[in-house]
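# Need a 3D model of the following:
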Amino acid sequence: MNRRERDELCDRVVEQFRQARTDTYREACRHVGRVMSELLQATVELKFVSMRGTPFSGATALRSDGTYIVYCANSRSWYHRLGILLHEFAHLLLGHQPAILGTHSGMRSLMPHLPGAMTRLIAGRSAHADKGEREAEELADELLERLTEQQNAQDHPEPPEIAPHVVRIAEGLAHRPVQGRHRAF
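As a prediction, this is how the structure comes out:
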């Protein structure tokens, strides 16, 4: 995907967030699931789970019934969760195939604290630092930056326009040296 295509893709996704008006990162996380559902034309379930002790912070899987499940680290920070969900979303936007849930009993013994489906998902993955992961991370970073800028713009609207006479006065004062007070000792 070239830079222009990437920018257009980001513009479309960010526009979907603008339409929903997400005021908090928590609402934005929920909206990622809704946008994913629309894009995939399938049910997408978001699961926030403990992932301590694993090399993952998120994963997307396709169930046999055609629905998707997105696992996300149960971080205390909704901003962090949003970044993880956008990474998983980026995989799908880039056309990367999600893992298909299968079975692998040995993984369950290695990570008993994770849901069974998550251990099967992790067992099915082989390359985590490949080109696809880097592409997804770059796209997710760009989406997060744009969404964060959008959030900040909502929180801090443009200041009102300053009257022309006030601008002239300020400009006049800006070029004058400030005279300090001198004390006689």
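
# ranges for the strands of the protein?
Under the criterion DSSP state E, the chain carries strands at the ranges 44-49, 58-62, 68-73, 99-100.

# is it possible to export the ones you listed to TSV including mean neighbour count?
All C-beta atoms are positioned from the backbone trio N, CA, C, and that covers glycine. TSV is the format used below for the strands of the chain (neighbours: other CB atoms under 10 Å):
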stretch	mean neighbour count
strand 44-49	17
strand 58-62	22
strand 68-73	22
strand 99-100	14
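
# Counting residues, name the longest helix you see in this protein.
Longest helix in the chain by number of residues, with DSSP state H as the criterion: helix 131-155.

# Show me which residues of it are buried.
Burial within helix 131-155, assessed by neighbour count using 16 or more other CB atoms under 10 Å, is assigned to 132, 135-137, 139-140, 142-144, 146-147, 150-151.

# Can you tell me, leaving aside adjacent residues, what's nearest to R30?
What sits nearest to R30 in space, not counting adjacent residues and going by CB to CB, 6 or more residues apart in numbering, is L46, at 7.5 Å.

# R34 versus the one you found, what's the distance?
Between L46 and R34 the computed distance is 10 Å (CB to CB, to the nearest Å).

# Over to C72?
Between C72 and R34 the computed distance is 15 Å (CB to CB).

# What of L173?
Separation of L173 from R34 (CB to CB): 52 Å.

# Please apply the same query to A61.
According to CB to CB, A61 and R34 sit 18 Å apart.

# Now distance to V13 and mean pLDDT too, for the strands of the chain, in JSON lines please.
As requested, those are arranged in JSON lines below (distance: least, CB to CB, whole Å; pLDDT from 0 to 100):
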{"stretch": "strand 44-49", "distance to V13": "15", "mean pLDDT": "93"}
{"stretch": "strand 58-62", "distance to V13": "16", "mean pLDDT": "87"}
{"stretch": "strand 68-73", "distance to V13": "16", "mean pLDDT": "91"}
{"stretch": "strand 99-100", "distance to V13": "22", "mean pLDDT": "77"}
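
# Would you mind giving those strands as TSV with distance to M1 added?
Formatted as TSV, the strands of the chain follow (distance: least, CB to CB, whole Å):
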stretch	distance to M1
strand 44-49	22
strand 58-62	19
strand 68-73	22
strand 99-100	22
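
# among those strands, which is nearest L9?
Nearest of those to L9, taken as CB to CB: strand 58-62 at 17.5 Å.
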